[in-house]
Structures are given as structure tokens and as C-alpha cells.
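S.K.: Okay, sequence plus prediction incoming.
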Amino acid sequence: MQNKQKNFGKIPPAFILLPVIVFALSMPGCAYLETMPVNMQTQTAPKAVEQPAAQPESPASLPAPIIQQYALDRLKQMSDKLTSAKEFTYHSNSAIELPAITGQFLTFFTDTEVSLQRPDKLHINVSGDVPNFQLYFAGSKVLAFDPQNKLYAVSGPLSTIDEMLDFVMTKVKMNFPAADFLYSNPYSVMTKNLTHAIVLGQSMVNGVPCEHFAYMEPAINWEIWIEKGKKTLPLRLAMTYKKAPNFPRFLVEFVDWNLNPNLKTDTFVFKIPTNSKQIEFGTYGIEQKTK
């Protein structure tokens, strides 16, 4: 969800064609989703089975816009809760459906750890059914590290978390499925293109009482489960990509929220291993093919 369009509404052709690499996070803006073949080995993937294109919805078939104010109010309260915290940490577990070379949709799982300190520090660690990676930002440059292949990339000057997120998602095309929660104003980003916002009612996520809401915009349908009461923390997020073949889905659950973690400065600083190799952002797949 960026200012121009919600991040998780943008899926490039590479997402459908099953490319060879991913930098994947489990958060609300699901931009630039890519993945590796099922065996998770870097290789040139066989040509994917051609999928029928998703049919665009005609204006006549679209439901009339419905905006229920309470669905916006709770989203705003959740946003305010996150932006009022000078720092926070959380863990998340996500599942994404992606097409195999046979055309069958498969489910991949990812675990993510996030540490944020406003306005200019962020650390992310990703593991699971994707190539593991680490991201460090300490107010000047962003560094991405692939521990398995000992590869790292460093950006040019960046000054804020918002600027860093824009860089890695629009210029580098890394995937941040829930990046909207990390922006300085999540509400503004998440409501930019809304056509529908409705209240679904009471629910439970891992034993925690919450409220369930649903939203629509041109490219995606999405749902969010927000903790009841004054905590108003996001506990679960689900999305359906309407403009992708077979309407793939994404689901993420957030656990272990800490809005006062007392983070240390070295959390956001990475010491580059002596045996690692520097590459340019956006050239990882090319680098792997040349080995």
C-alpha cells in the first residue's frame, strides 16, 4: 500500500510466471510477489503452464460502493496505535499461494521477525519456504543480506523508513506483504483506493478476541482482524488478488506484538562477513545464474 496504490495490489507478471527468486515479508502491502521453484533451488525454471487471464470486471458487475464508518474508524485507531509507538517488534507467519510449473497452485509458508524504531531504523529477518534474507536500515542506507549464498547489497542514501520502503518495493521490487504497517501513516496508505469497507463482526485469532473487517479496491479484496478494545493491534490479514489468474490468496498472522521493546542500536547495524560478496540491488537472479 503506497501513496499511488496499495502495495499488496501490485503483482508483476513475474508473480504469475514463477520466477527464480523472492525477498518475501509477511506484512499488509503485498507488492512484487515472486518465488522460487518448488525444490527451492536456484535454477532456470521451465516455462510455466500458461494460465487463463483473469477476466476484468465490467462496471455493471461491480457492487455499489459501501463504506461503513466503523470499519474506517477501527482501521484509523489501529494505525494511530502503531504510529504512536516510537518502536515496536512482532513476529508473523504467512502463507501464500503460487503457481507451480504444472499450473497447480501451491502453498508456501514464511516466518518473519520485525524490529522498528521511528523514524529511521528497521530490521527484518525472513525464513521459511523462501530464500532466507535479512534487511537492515539505520537511517542512511538499506542493506540486504542473503546468509545462505553470502551475498549482500547496499543502497544509496535514504533518510526515513517511508523512503526506504518505497525504494525496496518500487525500485528494487522486493516483496513486503505487510509493509503498510511500517509506514509513518498506515491509514493513509491503506485507504487510498478503497471502494468498500464493511464490518463483519466478532471473531477470535489464536484465542484473542478481535473484530473482523473486509475491504475492496480495484486490484484486491482484503480482510483484517483487529484486536478488540484499546489495543487495536492487527492480528490477521487476508488478501485475494482479483487481477491474477485463479485469484491467488495470501494470509498472515501477527504474534508477539511489543510496543515498548527497548531496542538496542546494534539491532539495526549489520557487520558484513569477510567472506561475503557485494552485488547490486535487483541483480540477485542474474548473479545466481552465472555461478
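M.R.: Arrived safely, thanks for sending.
S.K.: Low-confidence stretches in this structure?
M.R.: 1-63, 173-177, 282-291 (pLDDT under 70).
S.K.: can you map out the helices along it?
M.R.: 13-17, 69-84, 161-166, 186-190, 284-289 (DSSP state H).
S.K.: Using a markdown table, lay out those helices together with distance to Asn125.
M.R.: Where you see a C-beta, it was placed from the backbone N, CA and C, and this is true even at glycine. Converted to a markdown table, the helices of the chain look like this (distance: least, C-beta to C-beta, whole Å):
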| stretch | distance to Asn125 |
| --- | --- |
| helix 13-17 | 23 |
| helix 69-84 | 19 |
| helix 161-166 | 16 |
| helix 186-190 | 21 |
| helix 284-289 | 17 |
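S.K.: ranking those by burial, who's on top?
M.R.: helix 186-190 (a mean of 22; mean count of other C-beta atoms under 10 Å).
S.K.: Which of the helices of the chain sits closest to Phe105?
M.R.: Nearest of the helices of the chain to Phe105, taken as C-beta to C-beta: helix 13-17 at 10.9 Å.
S.K.: nearest to Lys121, of the helices of the chain?
M.R.: Using C-beta to C-beta, the nearest of the helices of the chain to Lys121 is helix 161-166, at 7.6 Å.
S.K.: and Asp166, how far is that from Leu98?
M.R.: 25 Å (C-beta to C-beta, to the nearest Å).
S.K.: I meant to write Ser79 there.
M.R.: 29 Å.
S.K.: Name the residues linked to Val126 by a beta bridge.
M.R.: Thr112, Phe133 (DSSP bridges).
S.K.: Run a quick neighbour tally on it.
M.R.: Applying other C-beta atoms under 10 Å, we find 24 residues neighbouring Val126.
S.K.: Hmm, it is touching Asp111, no?
M.R.: Yes. Between Val126 and Asp111 there is a contact at 7.4 Å, judged by C-beta atoms under 8 Å.
S.K.: re the thing from before, which of the helices of the chain sits closest to Gly139?
M.R.: helix 161-166 (9.1 Å).
S.K.: Which other helices and strands does the closest one contact?
M.R.: strand 121-128 (3 or more C-beta pairs under 8 Å, 6 or more residues apart in numbering; DSSP states H and E).
S.K.: Show me what the strand it packs on is packed against.
M.R.: So strand 121-128, by 3+ C-beta pairs under 8 Å, 6+ apart, packs with strand 105-117, strand 133-138, helix 161-166.
S.K.: Please state the offset of that strand from the chain centre?
M.R.: Offset of strand 121-128 from its chain centre (C-alpha atoms, centre = their mean, to the nearest Å): 11 Å.
S.K.: what about dumping the CA coordinates of it to CSV?
M.R.: Extracted C-alpha coordinates of strand 121-128, given in CSV (Å, rounded to 0.1, in the frame of the first residue of the first chain):
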residue,chain,number,x,y,z
LYS,A,121,15.5,2.3,11.8
LEU,A,122,14.3,-1.1,10.7
HIS,A,123,15.4,-4.7,10.9
ILE,A,124,13.7,-7.6,9.2
ASN,A,125,14.6,-11.3,9.2
VAL,A,126,12.8,-13.7,6.9
SER,A,127,12.9,-17.5,6.9
GLY,A,128,10.8,-20.4,5.7
